[in-house]
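Enquirer: A predicted structure for the sequence below; I have some questions about it.
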Amino acid sequence: MMTDGGLSVISEASVFTGKITHAERNISKIGDKKRDDLDKLKFQVDELKEELTEVKTKYKAALARRDTLEKQLKTIKTEFGMKIKMLLDKAENDDKLVAVLKQEVARLENVKGVKS
C-alpha cells in the first residue's frame, strides 16, 4: 500500500494480487453510505409526496365546504331578506287596515251620533 500525504491510495500491486487496500475499502464504504443515503432520501421523497397528496385532498375538501357554506349563507340571506320584506309589508297592510277601520268606526259614530 502506498500513501500520498497521509492518504491511502490504491496500489498497483493490489489489482494484480486480489488484495483490497484501505483506500478501496474506504471507497466501498463511501459508495455503500451514498446508496443508503439515496435510499433514505427516496423514502423521504415518497413520504412527502403522500403527505402532499393528503394536504391537497384536505385543501380541496375545505374549498368544497367553503363553497357550500357560502351558498347556504347566500340562500339564508335571501330568505331572511324576503321574510323581513314580508313582515314589513304585513305591518304596512295592518296599519292601513287599522286606519280604514278607524275611519269606519268614526263614520258609524257620526251616522248614529254616538261616541264609543
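Expert: Ah, there it is.

Enquirer: can I get the CA coordinates of stretch 44-61 in CSV?
Expert: Output of stretch 44-61 as CSV, limited to C-alpha atoms (Å, rounded to 0.1, in the frame of the first residue of the first chain):
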residue,chain,number,x,y,z
GLN,A,44,-38.5,10.6,2.4
VAL,A,45,-39.5,11.9,-1.1
ASP,A,46,-42.2,9.2,-1.3
GLU,A,47,-43.4,10.1,2.2
LEU,A,48,-43.5,13.8,1.3
LYS,A,49,-45.4,13.0,-1.9
GLU,A,50,-48.0,11.1,0.1
GLU,A,51,-48.3,14.0,2.6
LEU,A,52,-48.6,16.5,-0.2
THR,A,53,-51.4,14.4,-1.8
GLU,A,54,-53.2,14.2,1.6
VAL,A,55,-52.8,18.0,2.1
LYS,A,56,-54.2,18.7,-1.4
THR,A,57,-57.1,16.4,-0.8
LYS,A,58,-57.9,18.2,2.5
TYR,A,59,-57.5,21.6,0.8
LYS,A,60,-60.0,20.6,-1.9
ALA,A,61,-62.4,19.4,0.7
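
Enquirer: Which parts of this protein are helices?
Expert: Listed in chain order, the helices of the chain (DSSP state H) span 12-17, 22-112.

Enquirer: which stretches of this protein have low pLDDT?
Expert: Low-confidence segments of the chain (pLDDT under 70): 1-18, 114-116.

Enquirer: re the thing from before, need the helices of the chain in CSV (columns: mean neighbour count).
Expert: Glycine gets a C-beta too; all of them are placed from N, C-alpha and C. Output for the helices of the chain, formatted as CSV (neighbours: other Cβ atoms under 10 Å):
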stretch, mean neighbour count
helix 12-17, 11
helix 22-112, 10
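
Enquirer: Can you tell me how far the residue positioned nearest the centre of the chain is from Lys33?
Expert: In the chain, the residue lying closest to the centroid (Cα atoms, centre = their mean) is Tyr59, at 3.0 Å. Tyr59 sits 38 Å away from Lys33, going by Cβ to Cβ, to the nearest Å.

Enquirer: just Glu70 next, same as before
Expert: 54 Å.

Enquirer: Ok, Arg66 next?
Expert: Applying Cβ to Cβ to Arg66 and Lys33 gives a distance of 48 Å.
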